[in-house]
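K.L.:
Just a sequence and a predicted model for now, questions to come.
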2 protein chains.
Amino acid sequence: MTSPVGLHRVLEPSGVLPQAALRLSTDPAVGADEVRIAIEKLNLDAASFRQLFTKHGGDGDKVRAEVLDIVESRGKMHNPVTGSGGMLIGTVDAVGPDSPLGLKPGDRVATLVSLTLTPLNIIDGLDRWDGLSEQVPAVGYAILFGRSIAAKLPDDLDPELALAVFDVCGAPALTERVVKKYENPTVAVIGGAGKSGSLALAAARRAGAVRTAGIVPVEAERERLVAAGLADVVALADARDPVALSAAVEAALGRRADVTVVCVDVPGCEHGAILSTADGGTVIFFSMATSFAAAALGAEGLAADVTMLIGNGYAPGHAELALDLLREVPGVRTLFEARLAAD
Amino acid sequence: MTSPVGLHRVLEPSGVLPQAALRLSTDPAVGADEVRIAIEKLNLDAASFRQLFTKHGGDGDKVRAEVLDIVESRGKMHNPVTGSGGMLIGTVDAVGPDSPLGLKPGDRVATLVSLTLTPLNIIDGLDRWDGLSEQVPAVGYAILFGRSIAAKLPDDLDPELALAVFDVCGAPALTERVVKKYENPTVAVIGGAGKSGSLALAAARRAGAVRTAGIVPVEAERERLVAAGLADVVALADARDPVALSAAVEAALGRRADVTVVCVDVPGCEHGAILSTADGGTVIFFSMATSFAAAALGAEGLAADVTMLIGNGYAPGHAELALDLLREVPGVRTLFEARLAAD
């Protein structure tokens, strides 16, 4: 019997989850709830690629050789130094009879689970890749488990645009869920001009927020977010300054926020987010720079009766919800396309 | 006008919260929403005392001198190396007309906010303290802000016992609140034999859990928790092993938990807690060893539709609720008293 989280694919050490494993089985035979994907392209995690590139002094042949070696020896693209992986694009070519993922052969998909836990076999020696970019054309296959996640690439959108949306699609899904629990809520999104921030603002408005504020650190972002029209008010504040941030939020919303969403990847935003939030309100932390201890001790020190959520990157239907927002809200699409053009 | 979070007491740098301040004002005149407390005893944070004790090679006079120096120069007992403080016991001696804390002169209280943000003035040179223990008899005063928290020491309980309960009183309050949102929920408490864990188990049962499981790491704890009768099932598992932990929870509850409460202070319990929790369930992390990134990325990698809460040490009425549980549930009291006796 196969395990929905892939325990049956772990070769060593035994008993750990695939992400913690040293080596996975890449047996091409799909289990009852598995899906096999013919790979088209790997997107290496930026931190992982940078480490390899630096280690080999920019020699693409050596970078390629090490990626091949990692995949060959571990059965997955799991950089042992950075601990990170990436994701992949490909076409479904086999589906087990009990797979719950709703995929069929021929579907073009992006995987939304990390390569660090995805069995992977590469058969072309990556001979079309120069080793000098995170985008890796590849021939081979990958295996998805019962509880993996893959999103169909939409026909109407540039795949790069869809991938940028998938990368942050947990944010609008959780924002919507939380905002819907309140009556006529006010919502502040710290870092509202970024990818996750702009989607969170759009989701909050659609979920019934009576007033939304986007908080940004610099004038250029303020102008972009005002032009996008995603927030009722856009305000400038340094999110690391609790007093300044909470004053900006209160001024923008006329009161503290019922829901505060933290989307800025800088450390030290916990206390400001807590102070910006009304009693009985919720703070959703999506920033990976969030300190658990700073949030827990900060709320206690401020006697703040707020619910604090660790932003879960997964929710059922999150990819579709985020794509819908991109399609329906012109301001979201403008911000995303501007970002891709700038990259 | 005074600020409910004490901004008006910050002398430098200006504009930061009291906890982040280098120096606070210890002006004895109470503001409109402030309370002044005549100190009886400081309880230094264990990490702070250990650092001072080690630095001075166990010389109590030098430890005392440094504590006095810190309080004198900073206006608060905020150890600059460990960043931690402690709490204090004393008697209310002045209450501003607008104080929302519900205290009156003569009330004997413990502060539940950290000494790192509490204006403090010591006038006896700590001459009754030998510098060799965390318990510091002291004469002087402290100031509470509008949003500080202080709990009245109950007449019917040993103050040491009450303090031990106050130390973890956020856990049962939040557990109760979350458990009440579910219908006939199952609840797993990881680290169920500890202080916060035993209170969480008692709170879960009182809040309507149909079945509770306490998970502990060693046989001695299993025996203690079984004897206390706080959980329907007690099971042994290493919380750092996701597969073993989730198997133990499922076996104990007959299914995954609707609410999983993490009360063990060891790193690496995030994935096991997530795997132990049913779709639509909630994980409450009370352990300060929790890694924000491990929780966020773990839930995404496991495609787990779970709500993850950062345990907030504050909720309205949390101290009273925890004391009530101690009084009403004999097993809780037994565990707490055994712990105090062992210290």
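P.N.:
That came through, no problem. Numbers count the residues shown, from 1 in each chain, chains lettered A, B, ... in the order given.

K.L.:
mind listing what A:G298 touches?
P.N.:
For A:G298, the contacting residues are A:E270, A:H271, A:I274, A:A304, B:Q19, by CB atoms under 8 Å, 6 or more residues apart in numbering or on different chains. For every residue, glycine as well, the C-beta is placed using N, CA and C.

K.L.:
pretty sure A:A204 is in contact with A:V189, am I right?
P.N.:
Yes: under the criterion of CB atoms under 8 Å, A:A204 lies in contact with A:V189, with a separation of 7.0 Å.

K.L.:
Quick check: buried residues in the strand or helix carrying A:V226?
P.N.:
With elements delineated by DSSP states H and E, A:V226 resides in helix A:219-228, which encompasses its position. Neighbour-count burial for helix A:219-228, counted by 16 or more other CB atoms under 10 Å in any protein chain shown, picks out A:E221, A:R222, A:R224, A:L225, A:V226, A:A228.

K.L.:
Distance of the second one relative to A:V261?
P.N.:
Which is A:R222. For A:R222, the distance to A:V261 under the criterion CB to CB, to the nearest Å works out to 18 Å.

K.L.:
next one: the fourth one
P.N.:
As defined by CB to CB, A:L225 lies at a distance of 14 Å from A:V261.

K.L.:
Please apply the same query to the last one.
P.N.:
Between A:A228 and A:V261 the computed distance is 16 Å (CB to CB).

K.L.:
What is the neighbour count of A:S14?
P.N.:
Burial measure for A:S14: 9 neighbouring residues, criterion other CB atoms under 10 Å in any protein chain shown.

K.L.:
How about residues contacting the one helix or strand A:T282 maps to?
P.N.:
Using DSSP H and E, A:T282 maps to strand A:277-285. Contact partners of strand A:277-285, identified using CB under 8 Å, 6+ apart, comprise A:174-175, A:178, A:181, A:186, A:255-262, A:270, A:273-274, A:295, A:304-311, B:292, B:310.

K.L.:
Send over it as PDB, restricted to the C-alpha atoms.
P.N.:
What follows is strand A:277-285 as a C-alpha-only set of coordinates in PDB (Å, rounded to 0.1, in the frame of the first residue of the first chain):
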ATOM      1  CA  THR A 277      -4.800  44.900  15.100                       C
ATOM      2  CA  ALA A 278      -8.000  45.400  17.000                       C
ATOM      3  CA  ASP A 279      -9.000  43.300  20.000                       C
ATOM      4  CA  GLY A 280     -10.500  40.100  18.700                       C
ATOM      5  CA  GLY A 281      -8.700  40.600  15.400                       C
ATOM      6  CA  THR A 282      -6.400  38.300  13.500                       C
ATOM      7  CA  VAL A 283      -2.800  38.700  12.300                       C
ATOM      8  CA  ILE A 284      -1.800  36.400   9.400                       C
ATOM      9  CA  PHE A 285       2.000  36.100   9.100                       C
END
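
K.L.:
What residues sit buried inside it?
P.N.:
Taking 16+ other CB under 10 Å as the basis for neighbour counts, the residues of strand A:277-285 that come out buried are A:T277, A:A278, A:G281, A:T282, A:V283, A:I284, A:F285.

K.L.:
Around the closest residue to A:V210 other than its chain neighbours, count how many other residues there are.
P.N.:
Counting by CB to CB, 6 or more residues apart in numbering or on different chains, A:V210 lies nearest to A:N184, which is 4.5 Å off, once chain neighbours are set aside. Other residues lying near A:N184 total 9 when counted by other CB under 10 Å.

K.L.:
how far away is A:N184 from A:A207?
P.N.:
A:N184 is 12 Å from A:A207, by CB to CB.

K.L.:
same question, A:V329
P.N.:
When distance is defined by CB to CB, A:V329 is 13 Å away from A:A207.

K.L.:
next one: A:D324
P.N.:
Distance of A:D324 to A:A207, given as CB to CB: 13 Å.

K.L.:
Show the buried residues in the contacts of strand A:277-285.
P.N.:
A:174-175, A:178, A:186, A:256-262, A:270, A:273-274, A:295, A:304-311, B:292, B:310.

K.L.:
Name the helix or strand for A:L52, please.
P.N.:
Short version, using DSSP H and E: A:L52 is in helix A:46-55.

K.L.:
tell me which residues in the next helix-or-strand element following that helix are buried?
P.N.:
Per DSSP H and E, helix A:46-55 leads on to helix A:60-74 as the next helix or strand towards the C-terminus. Under the neighbour-count criterion of 16+ other CB under 10 Å, helix A:60-74 has A:V63, A:R64, A:V67, A:L68, A:I70, A:V71, A:R74 buried.

K.L.:
try stretch A:330-341
P.N.:
By neighbour count on 16+ other CB under 10 Å, the buried set for stretch A:330-341 is A:G331, A:V332, A:R333, A:T334, A:L335, A:F336, A:R339.

K.L.:
what about that stretch, distance to the chain center?
P.N.:
Relative to its parent chain, stretch A:330-341 has a centroid offset of 17 Å by CA atoms, centre = their mean, to the nearest Å.

K.L.:
Kindly report the same for stretch A:279-293.
P.N.:
The offset between the C-alpha centroid of stretch A:279-293 and the centroid of the whole chain comes to 16 Å, using CA atoms, centre = their mean.

K.L.:
and the residue of the stretch 51-200 of chain A found nearest chain B, which of the three is it?
P.N.:
Chain B sits closest to A:R147 of the stretch 51-200 of chain A, with a gap of 4.4 Å, by CB to the nearest CB. When states are read from DSSP: H, G, I helix; E, B strand; the rest coil, the local structure at A:R147 comes out as coil.

K.L.:
and the residue lying closest to A:L17 once chain neighbours are set aside, what is it in contact with?
P.N.:
Here the nearest residue to A:L17 in space, its sequence neighbours aside, is B:P242; by CB to CB, 6+ apart that works out to 5.5 Å. With contact set as CB under 8 Å, 6+ apart, B:P242 has these partners: A:V16, A:L17, B:H271, B:G272, B:I274, B:L275.

K.L.:
tell me, how many neighbours does the last one end up with?
P.N.:
Think B:L275. Look at B:L275: counted by other CB under 10 Å, it has 24 neighbours.

K.L.:
How about the third one?
P.N.:
The criterion is other CB under 10 Å. On that basis, B:H271 has 27 neighbouring residues.

K.L.:
What's the separation between it and B:V283?
P.N.:
11 Å.

K.L.:
How about A:R255?
P.N.:
The gap separating A:R255 from B:V283 is 31 Å, by CB to CB.

K.L.:
what do you get for A:V109?
P.N.:
Taking CB to CB, one finds A:V109 at 29 Å from B:V283.

K.L.:
what is A:L309 paired to in the beta sheet?
P.N.:
Assessed by DSSP bridges, A:L309 has beta-bridge partners A:I284, B:L309.

K.L.:
low-confidence ranges in the stretch 1-150 of chain A?
P.N.:
Applying pLDDT under 70 to the stretch 1-150 of chain A picks out no residues at all.

K.L.:
what does it put close to chain B?
P.N.:
Neighbours of chain B within the stretch 1-150 of chain A, by CB under 8 Å from any CB of the partner chain: A:5, A:7, A:15-17, A:19, A:112-114, A:116-117, A:147-149.

K.L.:
now A:G208: how far from A:A65?
P.N.:
Between A:G208 and A:A65 the distance, using CB to CB, works out to 54 Å.

K.L.:
mind listing what the closest residue to A:A47 other than its chain neighbours touches?
P.N.:
When the adjacent residues along the chain are set aside, A:A47 lies closest to A:T82, with 4.8 Å between them (CB to CB, 6+ apart). If a contact means CB under 8 Å, 6+ apart, then A:T82 has A:D45, A:A47, A:S48, A:Q51 as its contacts.

K.L.:
so the first one sits right up against A:G85, yeah?
P.N.:
Yes: assessed by CB under 8 Å, A:D45 is found in contact with A:G85 at 5.7 Å.

K.L.:
tell me, what's touching these two both at once?
P.N.:
Counting by CB under 8 Å, 6+ apart, the shared contacts of A:D45 and A:G85 are A:N79, A:S114, A:L115.

K.L.:
nearest to B:P105, of those?
P.N.:
When these are compared for distance to B:P105, the smallest value, 59.2 Å, is given by A:S114; criterion: CB to CB.
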